[in-house]
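Enquirer: Provide a 3D model corresponding to the input given below.
(2 chains)
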There are 2 protein chains.
Amino acid sequence: MSEIRRDPIIGRWVIMDTDHPFKPEEYEYEPHSYKGGVCPFCYGNEGMTPPEIEVIRESSTAPNTPGWQVRVVANKFPALQIEGDLDRKGLGIYDMSNGIGAHEVLVETPYHEKDISDLLNSEVENFLSMYCRRALDLVKDKRFKYIMVFKNFGAAAGASLEHPHTQMIALPMIPKSVSEEIRGAHDYFQFRERCIFCDIIRQEKEEKERIILENDSFLAFCPYASRFPFEIWIIPKKHNEFFCHMSPKEIPNLAAILRETIAKLKVIFPNLSYNFIIHSGPVNTDVEVEGYHWHIEFMPKLTRVAGFEWGSGFYLVSTPPELAAKYLKEAKSTISK
Amino acid sequence: MSEIRRDPIIGRWVIMDTDHPFKPEEYEYEPHSYKGGVCPFCYGNEGMTPPEIEVIRESSTAPNTPGWQVRVVANKFPALQIEGDLDRKGLGIYDMSNGIGAHEVLVETPYHEKDISDLLNSEVENFLSMYCRRALDLVKDKRFKYIMVFKNFGAAAGASLEHPHTQMIALPMIPKSVSEEIRGAHDYFQFRERCIFCDIIRQEKEEKERIILENDSFLAFCPYASRFPFEIWIIPKKHNEFFCHMSPKEIPNLAAILRETIAKLKVIFPNLSYNFIIHSGPVNTDVEVEGYHWHIEFMPKLTRVAGFEWGSGFYLVSTPPELAAKYLKEAKSTISK
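Expert: Reported below is the predicted structural model:
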């Protein structure tokens, strides 16, 4: 018989096929391939993007020319724009505001065809540090309530450009999913006086069967009520609401666990597309975030979300996290240090 | 500048590109095509499915043989099973129960390659009546709290079989998205003593610009805070919590508006894949549903949901509903009556 599991934070239900679970080879995913063409994020094409907002580059090189390692530019087709007033208003029963916000693109590496697992640890550290620098800068604008950092890798995961990049969007309101998580964590904190995420870490470390990787600062595991097969969370072991408050020691450890996680996934699923999203506390707001704990939610793109999921917020998962973690633990990656 | 809009029922935010909206021809969707092969839902292959639960068939024909118009069978690979106890329990911080429920498949027509818009009104009425009959039967099992009715059409929309069919899942708990909708509608009802959906209908009929079709019983419109481009809601004008309590007069009107809506969509987007989901009140529960109003949410599969949407519950929509409704209103379908 299948199992119905409940996410302890927001109360989402998932149906887990524990009876006839899918093996990795049963997933018919769309493999990622590089189509080539002119890329605005490659060396020499810096003029095709808006000018650099921040950059890590060789000191002898000029802005908006080659010689950079990580480059942040405004999104050329931004979902939101920085100038103007929110001007929130009602229209009968409806509510709207102007599309105020920031939308930046962080180019992770000059190499068009290098996924995170193909980079050196130091290169991954570079762009993770840049996530924090940009977030700390965007937070200064008091209109912004949330900094969303996410990566779409591969067309199947919704990426419109092949070159490895991360998007950062500063939003003038707290997204619904984030509010739900914060409320769930806060309710738990009120009840138990403990962080629910710290309790999850404790239970996962005791049970062990869903853990993939662990280092001094981070844990990578398949969550008990995964929404997607081979879903992975990467979470700091030290309680902290905001990712941009990571300590200098944590960044290399995050780089290492992120690289190794992706490397292992790609041993099992070559040319995989994926999304990951940093879940962090809201900013410039009075919302109570005690008991919230930042983390990365990593979603391999193995299936298509169908009507059932959209209609219900219920998810059908063909490989239970215990089994997914077992495959991932056993996958031997050969990444360089 | 883009607009940020808020869904009045559950408070979801969407970013609407009102500045540089996409025209229909700018969507690069995956066109639906029939691959053929042996189909368990076609005439002559009745033995390939579990036996009929209910059926509309010529009186001279035997069960599980050709001669049917609409056929309901148990799902051969059910997400949930009917026998057993829920046995809900905690596992440390987590919650689970056995996968109890019902999972049925309703084959809408014997014609493998006929989408709803290719059927006669009377044929669509037949399978819509069967939705109601099956729901009224499933409701008798007091363990079930929600009857989910949804259709995935085309591989891009998550359909694993080509032959037109609808799935019905009876769930032992109320799905999260449904709970949120019911709570939103209930809060509004407490505050205004009116149904929020009836108020939406009133405002849409006044403003007119998002309405696609209207008949005596139903309205088809693009919702103000659509999550997806060309999203459509079909809603009964008479207040009613449960779709299976539709009056006999409403069924032909629903058949007509559903057919015409899909026909118009396919004029603009040939070989479109789509999902639709019936949103209805929960059953066998004390949850207060006053102010809830059943409806169909129809989602054309034009885009892929990416990291931003998963992470935030915020959606980026490239064609505002006012423009989508205009295209749809102008699309000339040539369906037969």
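
Enquirer: tell me where the stretch 151-300 of chain A has strands.
Expert: Applying DSSP state E, counting those that start in this stretch to the stretch 151-300 of chain A gives strands spanning A:165-171, A:211-214, A:218-221, A:232-236, A:274-279, A:295-300.

Enquirer: how about the last one and chain B, any contact?
Expert: Yes. With CB under 8 Å from any CB of the partner chain as the measure, strand A:295-300 is seen reaching chain B through A:Glu297, A:Met299. For glycine as for every other residue, the C-beta is placed from the backbone atoms N, C-alpha and C.

Enquirer: ok, A:Leu316 - contacts?
Expert: A:Val14, A:Ile15, A:Asp17, A:Phe308, A:Glu309, B:Ala79 (CB atoms under 8 Å, 6 or more residues apart in numbering or on different chains).

Enquirer: top of the residues you listed by neighbour count?
Expert: When neighbours are taken as other CB atoms under 10 Å in any protein chain shown, the top entry among the contacts of A:Leu316 is A:Val14 (25 neighbours).

Enquirer: quick one, phi/psi of the nearest residue to that one once chain neighbours are set aside?
Expert: Excluding its sequence neighbours, the residue lying closest to A:Val14 (CB to CB, 6 or more residues apart in numbering or on different chains) is A:Tyr315, at 4.4 Å. The phi and psi values for A:Tyr315, taken as degrees, to the nearest 10, are phi -120, psi 150.

Enquirer: how many neighbours does A:Tyr315 have?
Expert: For A:Tyr315, using other CB under 10 Å, the count is 23.

Enquirer: quick one: residues contacting it.
Expert: A:Tyr315 makes contact with A:Arg12, A:Trp13, A:Val14, A:Ile15, A:Arg227, A:Phe228, A:Glu309 under the criterion CB under 8 Å, 6+ apart.

Enquirer: repeat that for A:Ile234.
Expert: Applying CB under 8 Å, 6+ apart, we find A:Ile234 in contact with A:Phe218, A:Leu219, A:Ala220, A:Leu254, A:Ile257, A:Leu258, A:Thr261, A:His295, A:Ile296, A:Phe298.

Enquirer: so how far is A:Glu241 from the first one?
Expert: Between A:Phe218 and A:Glu241 the computed distance is 16 Å (CB to CB, to the nearest Å).

Enquirer: which of those two has more neighbours?
Expert: Shown here are A:Phe218 and A:Glu241; by other CB under 10 Å, A:Phe218 has more neighbours (22 against 18).

Enquirer: residues in a beta bridge with that one, which ones?
Expert: A:Pro236 (DSSP bridges).

Enquirer: cool, and A:Ala74?
Expert: Per DSSP bridges, the residues bridged to A:Ala74 are A:Glu104.

Enquirer: now the closest residue to A:Arg143 other than its chain neighbours: phi and psi?
Expert: Spatial nearest neighbour of A:Arg143, excluding adjacent residues (CB to CB, 6+ apart): A:Pro172 at 5.5 Å. When read as degrees, to the nearest 10, the backbone of A:Pro172 gives phi -80, psi 0.

Enquirer: pull the contacting residues for A:Pro172.
Expert: Going by CB under 8 Å, 6+ apart, A:Pro172 touches A:Leu80, A:Leu86, A:Ser97, A:Ile100, A:Gly101, A:Arg143, A:Phe144, A:Lys145, B:Ile4.

Enquirer: could you rerun that using 10 Å?
Expert: A:80, A:86, A:88, A:97-102, A:141, A:143-146, A:284, B:4, B:13 (CB atoms under 10 Å, 6 or more residues apart in numbering or on different chains).

Enquirer: hang on, A:Ala325 packs against A:Phe230?
Expert: Yes. Counting by CB atoms under 10 Å, A:Ala325 does reach A:Phe230; the two are 9.1 Å apart.

Enquirer: which residues are common contacts for those two?
Expert: Taking CB under 10 Å, 6+ apart as the criterion, A:Ala325 and A:Phe230 both touch A:Ile212, A:Cys222, A:Thr319.

Enquirer: list only those of the residues you listed flagged as buried.
Expert: A:Ile212, A:Cys222, A:Thr319 (16 or more other CB atoms under 10 Å in any protein chain shown).

Enquirer: thinking again about what came up before, how about the contacts of A:Tyr315, which pair is most distant?
Expert: Greatest spacing in these, by CB to CB: A:Trp13 and A:Phe228 (14.4 Å).

Enquirer: just the helices in the stretch 151-300 of chain A please.
Expert: When assigned using DSSP state H, counting those that start in this stretch, the helices of the stretch 151-300 of chain A occupy the ranges A:176-192, A:196-207, A:250-268.

Enquirer: neighbours around the nearest residue to A:Asp19 once chain neighbours are set aside, how many?
Expert: Closest residue to A:Asp19 apart from its sequence neighbours, by CB to CB, 6+ apart: A:Ser2 at 5.7 Å. The number of residues packed near A:Ser2 is 22, by other CB under 10 Å.

Enquirer: isn't A:Gly158 up against B:Glu309?
Expert: Yes. Counting by CB under 10 Å, A:Gly158 does reach B:Glu309; the two are 8.2 Å apart.

Enquirer: common neighbours of the two, please.
Expert: Jointly contacting A:Gly158 and B:Glu309 under the rule CB under 10 Å, 6+ apart are A:Phe150, A:Asn275, B:Thr303.

Enquirer: tell me the SS of the first one?
Expert: Put plainly, it is A:Phe150. Here A:Phe150 takes the strand state, with states given by DSSP: H, G, I helix; E, B strand; the rest coil.

Enquirer: burial measure for it, as a count.
Expert: Number of residues near A:Phe150 (other CB under 10 Å) recorded here: 23.

Enquirer: pretty sure it is touching A:Phe276, no?
Expert: Yes. Using CB under 10 Å, A:Phe150 is in contact with A:Phe276, at 6.7 Å.

Enquirer: tally of neighbours for the closest residue to chain B within the stretch 151-300 of chain A?
Expert: The stretch 151-300 of chain A approaches chain B most closely through A:Gly158 (2.6 Å), counting by CB to the nearest CB. Look at A:Gly158: counted by other CB under 10 Å, it has 20 neighbours.

Enquirer: what does the stretch 201-337 of chain A have sitting close to chain B?
Expert: Residues of the stretch 201-337 of chain A lying close to chain B (CB under 10 Å from any CB of the partner chain) are A:202-204, A:206-207, A:223-225, A:227-228, A:273-279, A:297, A:299, A:301, A:303-318.

Enquirer: drop anything exposed from those residues.
Expert: Neighbour-count burial (16+ other CB under 10 Å) applied to these gives A:203-204, A:223-225, A:227-228, A:273-279, A:297, A:299, A:301, A:303-318.

Enquirer: show me what contacts the residue nearest to A:Asn152 when sequence neighbours are not counted?
Expert: Once flanking residues are discounted, A:Asn152 sits nearest to A:Ala159: 4.1 Å by CB to CB, 6+ apart. When contacts are counted by CB under 10 Å, 6+ apart, A:Ala159 touches A:His32, A:Lys151, A:Asn152, A:Phe153, A:His165, A:Gln167, A:Ser273, A:Tyr274, A:Asn275, B:Arg304, B:Ala306, B:Gly307.
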